[in-house]
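S.K.: Here is a sequence with its predicted model. Questions after.
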Amino acid sequence: MTVQRAAGFRNGIDVRVRLRPATAATDGTFDGAWWPRSRLLSVELPELVAALDSLGVRIDRFTYAVGAWDEAPARKVVIGGRTVRTGGFASMDQQLVSLTVDGERRVDLLVVPPEADALTGVRALRLAGLREDTGSQRGLVATGSRPQVVPLAGVRAG
């Protein structure tokens, strides 16, 4: 399955994905955030891969929590002429996706729910990209239009 999609915008603001700088201090909970438009990985994954490629981040493997998405992508997806392997796990934290970058480095992204309002989504992405960690109690995830603070201390993908 080969997919070509242009990077997109939501509410006029590019809010798709944000990574912490490689030199950023971290408490080990996550390395950035991703705000997909839907819970359809077959649609969202190619855009994520393209967005990260434009930042110089090459994804080799993408893992996700099975229960967090409406449909699973194929086990191998060809995007931009290369193959990205995927895997879904029931034991994985539903607020995270994990990427294997350059064949060895693990990158965990906090998933901002597609239902989040624009203000909450933008804030979550901005905070996730901060150079310095401002504390493990920083709330970043919202559900629907009412923000719900979620402590992130110790949250790791399985």
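M.R.: Done, it's in. Numbers count the residues shown, from 1 in each chain.
S.K.: For this protein, which segments are assigned as helices?
M.R.: All helices of the chain, identified by DSSP state H, fall at 41-54, 118-128.
S.K.: where exactly do the strands run in this protein?
M.R.: Counting by DSSP state E, the chain forms strands over residues 2-3, 17-19, 32-34, 59-65, 76-79, 82-89, 96-101, 105-111, 142-143, 146-147, given from the N-terminal end onward.
S.K.: residues of the longest one that come out buried?
M.R.: Meaning strand 82-89. Across strand 82-89, burial judged by 16 or more other Cβ atoms under 10 Å covers 84, 86, 88. Placement of C-beta: from N, CA and C, glycine included.
S.K.: Was I right to think the second one contacts A74?
M.R.: Read it as T86. Yes: using Cβ atoms under 8 Å, T86 makes contact with A74 at a distance of 7.1 Å.
S.K.: Distance of the nearest residue to D102 once chain neighbours are set aside relative to L109?
M.R.: Residue nearest to D102 in three dimensions, not counting chain neighbours: R58, with 5.7 Å by Cβ to Cβ, 6 or more residues apart in numbering. Noted for R58: a distance of 15 Å to L109, by Cβ to Cβ, to the nearest Å.
S.K.: same check, this time on L130
M.R.: When L130 is compared with L109 (using Cβ to Cβ), they lie 15 Å apart.
S.K.: what does V49 give?
M.R.: Between V49 and L109 the distance is 12 Å, computed by Cβ to Cβ.
S.K.: go on, P36?
M.R.: According to Cβ to Cβ, P36 stands 10 Å off from L109.
S.K.: Quick check on those two: which one has the bigger neighbour count.
M.R.: L109 (24 against 21; other Cβ atoms under 10 Å).
S.K.: so who does the more buried one touch?
M.R.: Contact partners of L109, counting by Cβ atoms under 8 Å, 6 or more residues apart in numbering, are 17, 19, 30-34, 96-99.
S.K.: Likewise for L52?
M.R.: The contact partners of L52, by Cβ under 8 Å, 6+ apart, come to 17, 19, 58-59, 99.
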